[in-house]
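Visitor: fold the following and give me the result.
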Amino acid sequence: MLKELFIALTLGALLGFGLTGGYLAIKNNQQASPSSLGTTTTVVIDTPPADPADTSASSATNQQSVEDTSNHQLTIDSPDHQSISTSSKTTVKGSTTPNSIIIISTIKQTIHVSSEANGSFSQEIDLENGANIIQIDSISPTDEIATNQLLVTYSTAKF
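Guide: From the prediction side, this is the model:
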C-alpha cells in the first residue's frame, strides 16, 4: 500500500512538473526575446501581375518594385532601446517616409498617427510598471511596412 502511494505521488509530481515546464517553454518562445528587440524589418507588399500567364513580365515587374521600394525605413530617435524611465509617460519620436501611417503598440494601448510631410512623428504613450515592449510599425503610402521594437523599463526606484 505504501509502495503504491509513493509511486502514485512520484508519477503525479513528474507529470505536473512536465506539464508546467512545457507550458513555460511555450510561453517563453511566444514572447519576444530582448536580443531580438531593437531590430528593423522592412516588408514589401507586392501585387501580382494582371496576366498570370506572362511570367517573364511579372518577374521583371516584381524585381523592379523591390528595388524601387527599398527606401522605406523607420528610425526611432527617442526613447532609447533598453532605457529606464522614471515617468509613467514617454514620447516616441522618430522619422520615416513622409505621409506614412505609424502604429505604436504596447500591452496597454495601440495608437495610430501619421507622419508629417517631412516624415517626422511624435506621440506620447503610457508605460506600465516594469519592462515595456513598444512596437512601432510604419506603413508607407506604397504599402511597405517597416517595424522596430524597443524595450523601455518604467521604474520609480532610486538608483
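Visitor: show me the strands in this protein, by range?
Guide: Along the chain, the stretches classed as strands by DSSP state E are 40-44, 75-78, 83-85, 89-95, 101-105, 110-114, 120-126, 130-139, 144-154.
Visitor: need these in TSV with distance to L11 and mean pLDDT, can you?
Guide: For the C-beta atoms, the positions are set from N, CA and C on the backbone; glycine is no exception. Shown next, in TSV, are these (distance: least, C-beta to C-beta, whole Å; pLDDT from 0 to 100):
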stretch	distance to L11	mean pLDDT
strand 40-44	46	53
strand 75-78	52	93
strand 83-85	46	91
strand 89-95	50	94
strand 101-105	44	95
strand 110-114	46	94
strand 120-126	47	94
strand 130-139	38	94
strand 144-154	41	93
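Visitor: relative to G12, which of those strands is closest?
Guide: Nearest to G12 among the strands of the chain is strand 130-139 (34.2 Å), distances taken as C-beta to C-beta.
Visitor: out of the strands of the chain, nearest to G21?
Guide: strand 130-139 (23.0 Å).
Visitor: what residues does stretch 102-119 touch?
Guide: 92, 95-101, 121, 123, 125-128, 132-139 (C-beta atoms under 8 Å, 6 or more residues apart in numbering).
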